[in-house]
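Novice: need coordinates for the following:
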Amino acid sequence: MNSSKKVAIGITVALLLALAIRVALIYQERHDTGPAPETAAKVDPDELVFLKKQRPSSLADEKQLIGTTIWVSAGGQLDYYPATAHHADYAHSAGTLLGVAPLAIKDAFEQVAPTSATFRIPGGDRQVLLAFTLPNSTDPTKLYAVPVGYKKGGDYTFVSDDIFFYDDPHQLFNYWGPKIWQAIDAHQVVLGMNERQVALSLGQVSKSTSQDYGNRMVVFDNLGKPLAVTFVSDQVTAFRPDQGF
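Specialist: As a prediction, this is how the structure comes out:
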């Protein structure tokens, strides 16, 4: 075989090899599914629930709630008072609002508050209060009032969005199931509840030595009857009365 034939054969072999490599690459590109997808992070369904906000900035904004029903989200924090038209009897607390209690709003007004009524809501120049009845009480016609903000100078500050649900939480979190809701409505704890559910049931006044939400022991004041609740993977695994609050 002369040198010219050897060169031709070598070129042919090189071309065939290059073609085979190209075909292989094309096949790989068309059939490659890419890297294995990472496992999607588990999303807490509670975080996906839409919580309506009112964002009030005036007394007129609060008056828009008249005729509606709202529900307490920040249980165990706010005292409420017997009321008459545009006036709250600060001298006689009617109790502390409990979680998920429905309030039928009848009025919104301003009133100068005594120092004794400014523990949770500052007094400012005047407090802003919502007047309401309690549909689930023994006397659903009796009028009460609770402070939800204050006026200082010409400016208003409100906490309404932080302490109320504007939609029925039983519907917002209906996937919690009847067992959990029965415990919350009775302000009790059952095994398997998560921290959000227990806080709604016992109130938000609590303390804990850990910041590891869902994996810690939390002592809930529970209106002066402290309860120590242990959470593992955001589920109640144990609870007991506690005297150390």
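Novice: what's the domain layout of the chain?
Specialist: For the chain, the structural domains run 48-165, 177-241, going by automatic domain parsing.
Novice: where's R196, which helix or strand?
Specialist: Under the criterion of DSSP states H and E, R196 resides in helix 195-202.
Novice: how far away from the center of its chain is that helix?
Specialist: Between the centre of helix 195-202 and the centre of its host chain there is 10 Å, according to Cα atoms, centre = their mean, to the nearest Å.
Novice: ok, stretch 111-122 next?
Specialist: Distance, stretch centre to chain centre, for stretch 111-122: 26 Å (Cα atoms, centre = their mean).
Novice: and for stretch 68-83?
Specialist: The chain centre lies 17 Å from the centre of stretch 68-83; the measure is Cα atoms, centre = their mean.
Novice: buried set for that stretch?
Specialist: 69-83 (16 or more other Cβ atoms under 10 Å). Every residue, glycine included, has its C-beta placed from N, CA and C.
Novice: pull up the distance across it, start to finish.
Specialist: Length of stretch 68-83, first residue to last, Cα to Cα, to the nearest Å: 18 Å.
Novice: re the thing from before, strands - which of the buried residues of stretch 68-83 land there?
Specialist: Among the buried residues of stretch 68-83, DSSP state E puts T69, I70, W71, V72, D79, Y80, Y81, P82, A83 in strands.
Novice: shaky segments in the protein?
Specialist: Scanning the chain for pLDDT under 70 picks out 1-41, 244-245.
Novice: for I121, which non-adjacent residue is closest in space?
Specialist: Closest residue in space to I121, ignoring its immediate chain neighbours: P147 at 4.2 Å, by Cβ to Cβ, 6 or more residues apart in numbering.
Novice: quick check: that neighbour is in a strand.
Specialist: Yes - P147 forms part of a strand when assessed by DSSP: H, G, I helix; E, B strand; the rest coil.
Novice: now do the contacts for it.
Specialist: P147 sits next to L78, A88, A113, A117, R120, I121, Q127, V128, L129 when contact means Cβ atoms under 8 Å, 6 or more residues apart in numbering.
Novice: which residues does it bridge with?
Specialist: Applying DSSP bridges to P147 yields these beta-bridge partners: L129.
Novice: tally of neighbours for I121?
Specialist: Per other Cβ atoms under 10 Å, the neighbour tally for I121 reads 23.
Novice: distance of it from Y175?
Specialist: Here I121 is placed at a distance of 33 Å from Y175 (Cβ to Cβ, to the nearest Å).
Novice: N222 now?
Specialist: 26 Å.
Novice: who has more neighbours, these two?
Specialist: N222 (23 against 9).
Novice: returning to what we had before: export the helix holding R196 as PDB, just CAs?
Specialist: Extracted as PDB, the C-alpha positions of helix 195-202 are listed here (Å, rounded to 0.1, in the frame of the first residue of the first chain):
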ATOM      1  CA  GLU A 195     -47.200  25.200  68.300                       C
ATOM      2  CA  ARG A 196     -49.600  27.400  66.400                       C
ATOM      3  CA  GLN A 197     -52.600  25.400  67.500                       C
ATOM      4  CA  VAL A 198     -51.500  25.300  71.200                       C
ATOM      5  CA  ALA A 199     -50.900  29.100  71.200                       C
ATOM      6  CA  LEU A 200     -54.400  29.600  69.700                       C
ATOM      7  CA  SER A 201     -55.800  27.300  72.400                       C
ATOM      8  CA  LEU A 202     -54.000  28.400  75.500                       C
END
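Novice: all helices for this protein, in order.
Specialist: For the chain, the helices defined by DSSP state H cover 3-31, 59-63, 160-163, 169-172, 178-185, 195-202.
Novice: export the third one as PDB, just CAs?
Specialist: Output in PDB follows, covering the C-alpha atoms of helix 160-163 (Å, rounded to 0.1, in the frame of the first residue of the first chain):
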ATOM      1  CA  SER A 160     -56.100  45.100  65.100                       C
ATOM      2  CA  ASP A 161     -54.300  43.100  62.300                       C
ATOM      3  CA  ASP A 162     -52.100  41.400  64.900                       C
ATOM      4  CA  ILE A 163     -54.800  40.300  67.300                       C
END
